[in-house]
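A.B. asks: Generate coordinates for the sequence data below:
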Amino acid sequence: MQKLSVAIVHPNLGIGGAERLVVDTALSLQQRGHRVVIYTMHHDPAHCFEETRDGTLDVRVVRSWLVPESVGGRLHILCTVLRSLGMARRVATDREQYDVVFVDQLSAPIPLLKYAHAHILFYCHFPDYLQAPHTTLWQRLYRAPFDLLEELTTGEADQIVVNSKFTQSAFRNAFPRLSVVPRVLPPAINLAAYDTTPPADDPAVAMLHMSRQCILSINRFERKKNISLAIDALALLQNRSSLCLVVAGGWDVRVPENIEYLHELDAHARGLGLSTRTIAPRSASSQALKLLPSNHVRIPVFADDIKSSDSVDVLFVPSFSENQRAHLLASARCVVYTPTNEHLGIVPLEAMGMRVPVVAADSGGPCETVVHGKTGYLCQPTAHDFSAAISRIIGMSEDQWSAMGRAGRERVEAEFALDAYATKLEGIISDMIQYPTSVSAVFGVLMTMFIVCTSAVIFLCARYL
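C.D. replies: Numbering: from 1, shown residues only. As a prediction, this is how the structure comes out:
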C-alpha cells in the first residue's frame with residue numbers, strides 16, 4: 001500500500017480502552033511506514049500510555065482556552081462539541097497535509113475536518129445517543145439536537161467502522177436515517193507491550209505483592225461498569241480469606257463520577273464486612289489525595305517501607321501505572337469483567353492475551369471475544385453466577401488453568417493481534433481512498449452551529465424558566 005499521512009483525532013488521550021485503541025492504531029500504521037500525528041484536547045503526561053509520553057508517537061494537544069470543560073458542572077456535551085470544533089479547525093488549517101483523518105469517538109468535528117481535503121474514517125465505539133440519559137422531558141429536549149448532530153455528522157464520514165457486531169446492530173437501530181452499514185474492525189492487542197516484566201525494584205509494583213490469590217477487575221471507576229458486582233461475588237466465596245479482589249482502573253480528578261464511585265465501592269465493600277485499602281496514584285497531588293478514601297496509602301520511595309496487603313480483601317488501585325497493570329495481569333488467577341451490554345471491552349482481550357481466564361457478563365461484546373468454557377466463562381450479571389464461575393476457576397488444577405490460559409492466548413494471537421488489525425485497517429483505508437472525498441463542508445458547518453445554538457437555548461430555558 002502507498003505510504004500515507006494520517007491524522008488521528010481523539011478527544012482525551014488518557015488511559016482506557018478507547019485510548020489504547022488510538023495508541024495501537026497509531027503504532028500499527030507507523031510500523032508500516034505511514035506518517036501518523038495524534039491530535040487531542042487533553043493529554044496529561046502523568047496519566048497516559050507510555051508511547052504518547054516518550055516520543056514514540058507525535059502527539060499534539062489543541063487547547064481551547066475560551067471554552068471550559070463544563071459550565072458549573074453542567075453542559076459537558078455542549079462544551080465538548082465546541083472544543084472539538086476548535087481541534088478540527090487546527091487539523092484543517094495545519095501546514096501538514098493529510099491523506100486520511102481517523103476520527104475516534106466524537107463525530108461532531110467531522111464537517112469541519114472536511115476542509116482538510118482528506119478522506120475521513122470514523123471509528124464508532126458506541127452511539128452516544130444510547131448512553132446518554134433521556135429520562136426527563138428536559139433531558140430529552142436538551143439531548144435532541146445533540147442526538148441529531150451525532151447522527152448527521154456521523155453520516156458525513158467517508159467510511160464508518162465499529163468495534164463489534166453488537167455495536168454494528170446498535171448503530172443501525174440508533175441511526176435509522178443513515179443507510180450505511182458500518183464495517184466491523186475489532187481493536188487489537190499489542191502483545192509485545194504486555195509480554196514484559198515490570199521492574200522488581202518499582203515500589204508501586206512491590207505494593208501489589210501478596211500471598212493471597214488475586215482476582216482482578218480492570219475498569220474505569222464509572223457506575224455503568226457495575227464493579228460492585230465483583231465485590232458482591234467475592235463476599236459469597238467460601239474461601240475468600242485466601243483471595244484478594246484488586247479493583248484497578250482509570251480514575252481522573254477532573255471527573256466527579258470517578259471520585260464518587262470509588263468512595264461508594266469502598267463503603268459497599270466495608271458494608272459487606274470486607275477489609276479495604278486504596279493505593280494512591282504515584283503522581284497524585286496533595287489535593288488529589290484528599291479526594292481518595294481515608295484508608296489510602298501512598299507509594300513509598302523505598303521498597304523497605306512498603307506496607308503489606310496480605311490482610312486486605314479488596315484493594316483499590318485508581319489510575320494504575322503500566323508497570324502495575326503488567327504485574328496484575330501476570331499474577332491474576334482470573335479477571336472479572338462486570339459491565340453488561342458492553343460494546344466490546346478491551347479488558348477480556350488483555351486478560352486472554354496474558355493467558356488469564358475471564359469471567360464476564362453474557363451480553364454485548366464479550367460474547368464475541370470470550371469462548372465460554374474454553375477461554376473463560378460467560379455468566380448472568382448476578383453475584384451468585386459470577387461467584388460460581390470464579391470458584392470454578394480457583395478450584396482448577398494447574399494443568400486445567402494453564403490450558404484455559406493457553407486457549408485465550410491462541411485466540412488473541414489468531415483474531416486480535418496488532419498485525420491482523422493493521423492489515424484489516426489498511427484494507428479499509430485502501431478501499432476508501434479509491435473514491436473522491438466530498439470537500440463541501442458549508443452545510444455541515446451551518447448545521448453544527450444551528451444545533452449548538454439550539455441546545456444552548458433549550459438548556460437556558462430549562463435552567464431559568
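A.B. asks: Can I take it that residue 315 is in a helix?
C.D. replies: No. The assignment for residue 315 (DSSP: H, G, I helix; E, B strand; the rest coil) gives strand, which keeps it out of a helix.
A.B. asks: Would you mind measuring from it to residue 237?
C.D. replies: Using CB to CB, to the nearest Å, we find residue 315 at a distance of 16 Å from residue 237. Every residue, glycine included, has its C-beta placed from N, CA and C.
A.B. asks: element containing the spatially closest residue to residue 163 that is not a sequence neighbour?
C.D. replies: Using CB to CB, 6 or more residues apart in numbering and skipping residues adjacent in sequence, the residue nearest residue 163 is residue 344, 4.3 Å away. Secondary structure assignment for residue 344, by DSSP states H and E: no helix or strand.
A.B. asks: Run a quick neighbour tally on residue 344.
C.D. replies: By other CB atoms under 10 Å, 24 other residues sit near residue 344.
A.B. asks: what residues are up against residue 139?
C.D. replies: Counting by CB atoms under 8 Å, 6 or more residues apart in numbering, residue 139 touches residue 133.
A.B. asks: More neighbours: residue 315 and residue 237, which one.
C.D. replies: residue 315 (22 against 18).
A.B. asks: What residues sit buried inside stretch 6-19?
C.D. replies: Across stretch 6-19, burial judged by 16 or more other CB atoms under 10 Å covers 6-19.
A.B. asks: ok, the closest residue in space to residue 244 that isn't next to it in sequence - how many residues close by?
C.D. replies: Counting by CB to CB, 6+ apart, the nearest residue to residue 244 once its immediate chain neighbours are dropped is residue 212, at 4.2 Å. Other residues near residue 212 come to 19 when the count uses other CB under 10 Å.
A.B. asks: Quick check: residue 212 vs residue 275, distance?
C.D. replies: Taking CB to CB, one finds residue 212 at 12 Å from residue 275.
A.B. asks: how close does the residue nearest to residue 163 sit to residue 364?
C.D. replies: For residue 344, the distance to residue 364 (CB to CB) stands at 8 Å.
A.B. asks: which residues are common contacts for these two?
C.D. replies: Common neighbours of residue 344 and residue 364 (CB under 8 Å, 6+ apart) are 164, 166.
A.B. asks: Could you measure from the residue nearest to residue 244 over to residue 395?
C.D. replies: 16 Å.
A.B. asks: For stretch 325-339, buried residues please.
C.D. replies: So, applying 16+ other CB under 10 Å, buried residues of stretch 325-339: 325-339.
A.B. asks: can you tell me the helix or strand for residue 160?
C.D. replies: strand 159-162.
A.B. asks: Does the next helix or strand after that strand pack against any helices or strands, and if so which?
C.D. replies: Per DSSP H and E, the first helix or strand lying C-terminal to strand 159-162 is helix 165-174. Helix 165-174 is packed against strand 159-162, strand 183-184, helix 366-369, with contacts defined by 3 or more CB pairs under 8 Å, 6 or more residues apart in numbering; DSSP states H and E.
A.B. asks: now those in a markdown table, with mean neighbour count?
C.D. replies: Formatted as a markdown table, these follow (neighbours: other CB atoms under 10 Å):
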| stretch | mean neighbour count |
| --- | --- |
| strand 159-162 | 23 |
| strand 183-184 | 16 |
| helix 366-369 | 22 |
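A.B. asks: Got the domain ranges for this protein?
C.D. replies: By the assignment in automatic domain parsing, the chain contains the domains 5-188+419-464, 202-415.
A.B. asks: what pLDDT, on average, does the longest one get?
C.D. replies: For domain 5-188+419-464, the mean pLDDT works out to 86.
A.B. asks: from the chain's centre, how far out does that domain sit?
C.D. replies: 14 Å (CA atoms, centre = their mean, to the nearest Å).
A.B. asks: what ranges do the strands span in the stretch 351-465 of the chain?
C.D. replies: In the stretch 351-465 of the chain, the strands defined using DSSP state E, counting those that start in this stretch lie at 358-361, 376-379.
A.B. asks: and the ones you listed, which is most packed in?
C.D. replies: strand 358-361 (a mean of 28; mean count of other CB atoms under 10 Å).
A.B. asks: Need phi/psi at the closest residue in space to residue 93 that isn't next to it in sequence.
C.D. replies: Nearest non-adjacent residue to residue 93, counting by CB to CB, 6+ apart: residue 115, 7.7 Å away. Here is the backbone geometry of residue 115 (degrees, to the nearest 10): phi -70, psi -10.
A.B. asks: What separation is there between residue 115 and residue 91?
C.D. replies: Taken as CB to CB, the span from residue 115 to residue 91 is 9 Å.
A.B. asks: neighbour count winner among the two?
C.D. replies: Ranked by neighbour count (other CB under 10 Å), residue 115 and residue 91 place residue 91 first, with 24 against 18.
A.B. asks: does the more buried one really touch residue 113, like I thought?
C.D. replies: Yes. With contacts counted by CB atoms under 8 Å, residue 91 reaches residue 113, the gap being 6.0 Å.
A.B. asks: what sits in contact with each of those two?
C.D. replies: Here residue 91 and residue 113 have 9, 101 as joint contacts, going by CB under 8 Å, 6+ apart.
A.B. asks: Export the strand holding residue 160 to PDB, keeping only CA atoms.
C.D. replies: The C-alpha trace of strand 159-162 is given here as PDB (Å, rounded to 0.1, in the frame of the first residue of the first chain):
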ATOM      1  CA  GLN A 159     -16.100   5.400   5.900                       C
ATOM      2  CA  ILE A 160     -17.500   4.200   9.300                       C
ATOM      3  CA  VAL A 161     -16.200   1.300  11.300                       C
ATOM      4  CA  VAL A 162     -17.400  -0.200  14.600                       C
END
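A.B. asks: Which strands or helices does that strand pack on?
C.D. replies: Taking 3+ CB pairs under 8 Å, 6+ apart as the contact cut, strand 159-162 packs with strand 119-124, helix 165-174, strand 183-184, helix 418-432.
A.B. asks: any idea which of these is most buried?
C.D. replies: strand 119-124 (a mean of 25).
A.B. asks: Quick check: neighbours of that one in the sheet, parallel or antiparallel?
C.D. replies: Paired neighbours of strand 119-124 in the sheet (DSSP bridges): strand 100-104 (parallel), strand 159-162 (parallel).
A.B. asks: just the angle between the first one and helix 418-432, please?
C.D. replies: I take that to be strand 100-104. Counting by axes from the mean of the first three to the mean of the last three CA atoms, to 10 degrees, strand 100-104 points 120 degrees away from the direction of helix 418-432.
A.B. asks: Show me what strand 100-104 is in contact with.
C.D. replies: 4-11, 18, 21-22, 25, 91, 109-110, 113, 116, 118-123, 125, 157, 429, 432-433.
A.B. asks: after that strand comes which helix or strand?
C.D. replies: helix 110-113.
A.B. asks: residues touching residue 150, list them.
C.D. replies: Residue 150 makes contact with 107, 108, 127, 128, 129, 175, according to CB under 8 Å, 6+ apart.
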